[in-house]
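Trainee: All I have is the shape, not the residue letters:
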């Protein structure tokens, strides 16, 4: 498949731009209030107001850290699946009340899903809300059809095989993607956290991805990780299962985790001639240890052996949901500082006489990296020692 051609203005023109995968730290108070809702102690309207307040704080944290492409932190979502499943017509939720907000619903279908209709899943409204909070590019993520299908039980045989359900969900998500594009979304991401556990289905997952991405002319990112349930991976392995199938995916960028697993799989990109973008995971979200800017910079430099700097985006391995707020802020600051260090190395021209037109660029690049490093050091200093796996909040 030829490289997709998207709008040039979808992503910032900054070299080595920084972003998040999607979810942001869920503070303890928010987790408790979500549980209060499921225990009928607060109303849906009250919870919606709480979510909006939390999203405003998450966007501000990202801006203060210097993130180039921000998200709403997915703070309305209890986990990576239920927010969408509960809104899909034809999906039945046996017990809508939860013992804990992070638990998965028991979802099932008794008949084929209806085709997309005039009612949407509501993500365009989520996008509009965060769009008016910031001047920075906004990325919105959708859990992919393959992963959603793995949380739906088809006990009555509504579809002859699993692939039928995956394709039906892809059609519904395609309609949602089209509505998001009409609402002004320019950067969308599909998350497939379950794919690593079923590598034999890479071809089916890519087929479903293309159904979704074909519906919206935006910049598309495909995020594949090894799971992030209670800050622990669900699977281990290597990304070789993605290739060569993923080369047929109509996406502009792959966002993969490397900080926790190491950079051995970077060679796959060269081996399989991946010529599109890479979202490089440089922050391990499964540990409270805050990376130094120098460590982040080293990880970026190693990636540059395989990926051109203009095709590299810097992000954490996965969502920040399970990190404590201070830790999340410190990790993002370190990521931005590390990217600034390498950006200065890549963009600073050779030494020239002071009369050269390049002189102003040389004088401004280094202070930017220094300032970013200082911000990261300050954030790390504010982070206190905590347990490696916090409570569900």
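Mentor: The structure has been received and is ready for your questions. Just so we're clear, the structure is a prediction, and the values are computed from it rather than from any experiment.
Trainee: How about stretch 290-308, which residues are buried there?
Mentor: 290-293, 296-300, 303-304, 306-307 (16 or more other Cβ atoms under 10 Å). For glycine as for every other residue, the C-beta is placed from the backbone atoms N, C-alpha and C.
Trainee: now, among these, which is nearest to residue 66?
Mentor: Residue 66 lies nearest to residue 293 out of these, by Cβ to Cβ, at 11.6 Å.
Trainee: correct me, but that closest one touches residue 331?
Mentor: No. Look at residue 293 against residue 331 with Cβ atoms under 8 Å: they stay out of range, at 10.9 Å.
Trainee: Could you pull up the residues touching the residue lying closest to residue 156 once chain neighbours are set aside?
Mentor: Leaving aside its chain neighbours, residue 156 sits nearest to residue 110 (5.2 Å; criterion: Cβ to Cβ, 6 or more residues apart in numbering). Residue 110 sits next to 92, 155, 156, 158 when contact means Cβ atoms under 8 Å, 6 or more residues apart in numbering.
Trainee: most surrounded residue in those residues?
Mentor: residue 158 (17 neighbours; other Cβ atoms under 10 Å).
Trainee: Which secondary structure state does that one sit in?
Mentor: coil (DSSP: H, G, I helix; E, B strand; the rest coil).
Trainee: Tell me who's in contact with the residue nearest to residue 342 when sequence neighbours are not counted.
Mentor: The shortest distance from residue 342 to any non-neighbouring residue, by Cβ to Cβ, 6+ apart, is to residue 300 (4.5 Å). Shown in contact with residue 300 (Cβ under 8 Å, 6+ apart): 16, 280, 282, 312, 314, 338, 339, 342.
Trainee: now the helix or strand residue 300 falls within: how far from the chain's centre is it?
Mentor: Of the helices and strands defined by DSSP states H and E, residue 300 is found in helix 293-303. Centre-to-centre, helix 293-303 and its host chain are 20 Å apart (Cα atoms, centre = their mean, to the nearest Å).
Trainee: so for that helix, what's the average pLDDT?
Mentor: Averaging pLDDT along helix 293-303 yields 98.
Trainee: which stretches of the stretch 51-200 of the chain form strands?
Mentor: Under the criterion DSSP state E, counting those that start in this stretch, the stretch 51-200 of the chain carries strands at the ranges 92-93, 107-108, 139-143, 152-153, 187-191.
Trainee: So what's the model's average confidence on the third one?
Mentor: Which is strand 139-143. Here strand 139-143 scores 97 as its mean pLDDT.
Trainee: just the first one next, same as before
Mentor: Per-region confidence: strand 92-93 scores 94 on mean pLDDT.
Trainee: What strands line up against that strand, and which way round?
Mentor: Strand 92-93 sits in its sheet next to strand 107-108 (antiparallel), going by DSSP bridges.
Trainee: next one: the last one
Mentor: Strands flanking strand 187-191 in the sheet, each with its direction: strand 139-143 (parallel), strand 219-224 (parallel) (DSSP bridges).
Trainee: pLDDT value on the residue lying closest to residue 30 once chain neighbours are set aside, please?
Mentor: Nearest non-adjacent residue to residue 30, counting by Cβ to Cβ, 6+ apart: residue 54, 5.3 Å away. Each residue has a pLDDT score; the one for residue 54 is 97.
Trainee: One more: the one 5 residues further on?
Mentor: The predicted local confidence for residue 59 comes out at a pLDDT of 98.
Trainee: And it, how close does it get to residue 105?
Mentor: 28 Å (Cβ to Cβ, to the nearest Å).
Trainee: and if you look at residue 65?
Mentor: According to Cβ to Cβ, residue 65 and residue 105 sit 33 Å apart.
Trainee: Counting neighbours, go ahead and name the busier of the two.
Mentor: Counted by other Cβ under 10 Å, residue 65 and residue 105 do not tie: residue 65 has more neighbours, with 24 against 20.
Trainee: Look up how far residue 92 lies from the more buried one.
Mentor: 41 Å.
Trainee: Then residue 116?
Mentor: Distance of residue 116 to residue 92, given as Cβ to Cβ: 18 Å.
Trainee: what's near enough to touch residue 97?
Mentor: 38, 39.
Trainee: what does residue 263 give?
Mentor: Counted by Cβ under 8 Å, 6+ apart, residue 263 has contacts 299, 302, 303.
Trainee: Tell me where the model's unsure across the chain.
Mentor: Along the chain, the model assigns pLDDT under 70 to residues 1-10, 230-231, 233-235, 350-393.
Trainee: In it, what residue spans correspond to helices?
Mentor: Ranges of helices in the chain, per DSSP state H, are 28-38, 44-65, 82-85, 123-131, 145-149, 162-182, 202-213, 266-271, 293-303, 325-347, 359-382.
Trainee: closest to residue 239 out of the ones you listed?
Mentor: Using Cβ to Cβ, the nearest of the helices of the chain to residue 239 is helix 266-271, at 5.7 Å.
Trainee: buried residues in the closest one?
Mentor: 266, 268, 269.
Trainee: pretty sure the first one is touching residue 301, no?
Mentor: If I follow you right, that is residue 266. No. Counting by Cβ under 8 Å, residue 266 does not reach residue 301; the two are 11.5 Å apart.
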